[in-house]
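Q: I would like the atomic coordinates for the input below:
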Amino acid sequence: MNNYQKHIKQINSLDHKPTLLLHVCCGVCSVYPLVYLRKYFDITIYFANSNIYPYEEYMNRLNALNTYLEYLNDPTIKIITASYDNDSYTKKLENLKDEPEGGARCKLCYKLRMEETFKYAKAHNYEYCTTIMSISNRKNADYINEIGEELEKEYLPVKYLYADFKKGDGITMNDKMNKELNLYHQNYCGCIYSMKKDG
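A: Residues are numbered from 1 along each chain as shown. Take a look at the predicted model:
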């Protein structure tokens with residue numbers, strides 16, 4: 001499960017670029033993963049982040065992503081913005097509001113957004129599905145990949161792309177590119193509970 005490069009090599013041996021529905025949480029986290037993944041996949045970004053509070057912050061992150069896409073100027077990368085419903089989303093996390101950052105509340109949050117992405121991927125016949133969230137030092141890549149593995153079984157034939165974008169200097173390259181681009185950088189993970197803890 002942890003040999004991410006081997007997985008990519010297998011994909012690279014295909015006779016076509018497979019379609020990938022890529023869950024993206026914000027602009028700053030997308031920088032390196034998009035540069036890396038576009039070599040191997042026909043990418044559609046799925047911006048599904050009802051966890052982000054408040055709406056103004058949600059828009060800051062979406063605008064940063066769009067700014068980066070304009071910079072990339074790659075017409076092969078498409079973007080879909082899912083509906084935003086923070087009230088309903090927050091209620092799903094409420095029972096875990098006192099959990100520490102990185103704990104059970106965060107794992108549920110990963111799963112909710114990843115499952116929303118898988119549902120869309122299956123309904124629209126994407127070959128692969130993954131999330132860029134593993135680029136963040138705040139997020140546990142093992143949790144994310146365990147969730148992806150479970151969801152793949154439920155949403156076949158969509159395949160999950162195992163990833164830890166921090167690996168192989170990914171986080172270093174992401175930080176360097178962000179400094180050069182001066183994209184908007186948030187100071188908390190996203191939900192109202194993380195804002196109160198980190199902000």
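Q: burial of residue 72, as a residue count?
A: 14 (other C-beta atoms under 10 Å). C-beta: built from backbone N, CA, C; applies to glycine.
Q: Not counting sequence-adjacent ones, nearest residue to it?
A: residue 34 (6.7 Å; C-beta to C-beta, 6 or more residues apart in numbering).
Q: Contact partners for that neighbour?
A: 22, 43, 68, 72, 77, 132 (C-beta atoms under 8 Å, 6 or more residues apart in numbering).
Q: Quick check on these: which are buried?
A: 22, 43, 68, 77, 132 (16 or more other C-beta atoms under 10 Å).
Q: where's the third one, which helix or strand?
A: Right, the one you point to is residue 68. helix 55-72 (DSSP states H and E).
Q: from the chain's centre, how far out does that helix sit?
A: With C-alpha atoms, centre = their mean, to the nearest Å as the basis, helix 55-72 stands 14 Å off its chain's centre.
Q: what angle do the helix or strand hosting the residue nearest to residue 72 and helix 55-72 make?
A: Secondary structure assigned from DSSP H and E places residue 34 in helix 27-37. Per axes from the mean of the first three to the mean of the last three C-alpha atoms, to 10 degrees, the angle that helix 27-37 makes with helix 55-72 is 30 degrees.
Q: in helix 27-37, what counts as buried?
A: Result for helix 27-37 [16+ other C-beta under 10 Å]: buried residues 27-34, 36-37.
Q: Show me where this protein dips below the pLDDT cut-off.
A: 1-3, 5, 197-199 (pLDDT under 70).
Q: Mind giving me the packing neighbours of the longest helix along it?
A: Determined from DSSP state H, the single longest helix within the chain is helix 104-123. Contact analysis of helix 104-123 by 3 or more C-beta pairs under 8 Å, 6 or more residues apart in numbering; DSSP states H and E lists strand 19-23, strand 42-47, helix 86-93, strand 128-131, helix 141-154 as its packing neighbours.
Q: and with 7 Å instead?
A: strand 19-23, helix 86-93, strand 128-131, helix 141-154 (3 or more C-beta pairs under 7 Å, 6 or more residues apart in numbering; DSSP states H and E).
Q: ok, the residue nearest to residue 124 when sequence neighbours are not counted to residue 121 distance?
A: Using C-beta to C-beta, 6+ apart and skipping the chain neighbours, the partner closest in space to residue 124 is residue 21 (7.6 Å). Remark: distance between residue 21 and residue 121 (C-beta to C-beta, to the nearest Å) = 4 Å.
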